[in-house]
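Asker: sharing a sequence plus its predicted fold:
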Amino acid sequence: MKQVTVLICTPNIQSEITQRCLDSLFEHTNPSLYKLVIADNKRDPEFSHPHEINKHLKTLDTSFLVCLDDDAVLTAGWLEALLEVAENDSSVGAVGCM
């Protein structure tokens with residue numbers, strides 16, 4: 001089983017910004033650690049990030065959920081660093097990138 005669900009919300013999966021995010025995810029993330037979910041809102045004015053996140057939380061089958069904006073550009077080791085903190089410190093409820 002994958003350990004992390006990576007949820008990316010985007011208004012347009014075909015955009016250059018989203019493609020840059022996906023390219024960095026694929027380049028810098030071990031595929032055995034995560035499964036990818038993309039919420040493409042197709043510029044729907046009714047789309048709600050919190051609603052989309054809650055929808056996926058209800059069906060989560062991994063230990064962790066990472067929510068990424070589509071303009072995130074990831075670097076080597078990003079997910080491993082988040083997991084290290086989340087797994088090794090029981091006082092932590094949420095971990096964020098800088």
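Answerer: Yep, that arrived. This is a predicted model, so every value here is computed, not measured.
Asker: only C-alpha atoms from now on, for both contacts and neighbour counts.
Answerer: Noted.
Asker: pull out the buried residues from stretch 24-36.
Answerer: For stretch 24-36, burial by neighbour count (16 or more other C-alpha atoms under 10 Å) applies to 24, 25, 28, 29, 33, 34, 35.
Asker: now do the same contact list for the fourth one.
Answerer: With C-alpha atoms under 8 Å, 6 or more residues apart in numbering as the criterion, the residues that contact residue 29 are 76, 77, 78, 79.
Asker: picking up where we left off before, for residue 57, state which of the buried residues of stretch 24-36 is nearest.
Answerer: residue 35 (13.8 Å; C-alpha to C-alpha).
Asker: make sure the closest one is indeed in a strand.
Answerer: Yes - counting by DSSP: H, G, I helix; E, B strand; the rest coil, residue 35 is found in a strand.
Asker: got the contact list for the helix or strand of the chain with the lowest mean pLDDT?
Answerer: Least confident helix or strand, the chain: helix 49-58 with a mean of 87, by mean pLDDT, DSSP states H and E. For helix 49-58, contacts defined as C-alpha under 8 Å, 6+ apart pick out 7, 9, 39, 65, 67.
Asker: return the members of these classed as buried.
Answerer: Looking at the contacts of helix 49-58 with 16+ other C-alpha under 10 Å, the buried ones turn out to be 7, 9, 39, 65.
Asker: narrow these to those in strands?
Answerer: Cross-referencing the buried ones among the contacts of helix 49-58 against strands under DSSP state E gives 7, 9, 39, 65.
Asker: hmm, back to that, tilt between the least confident helix or strand of the chain and strand 34-40?
Answerer: 140 degrees (axes from the mean of the first three to the mean of the last three C-alpha atoms, to 10 degrees).
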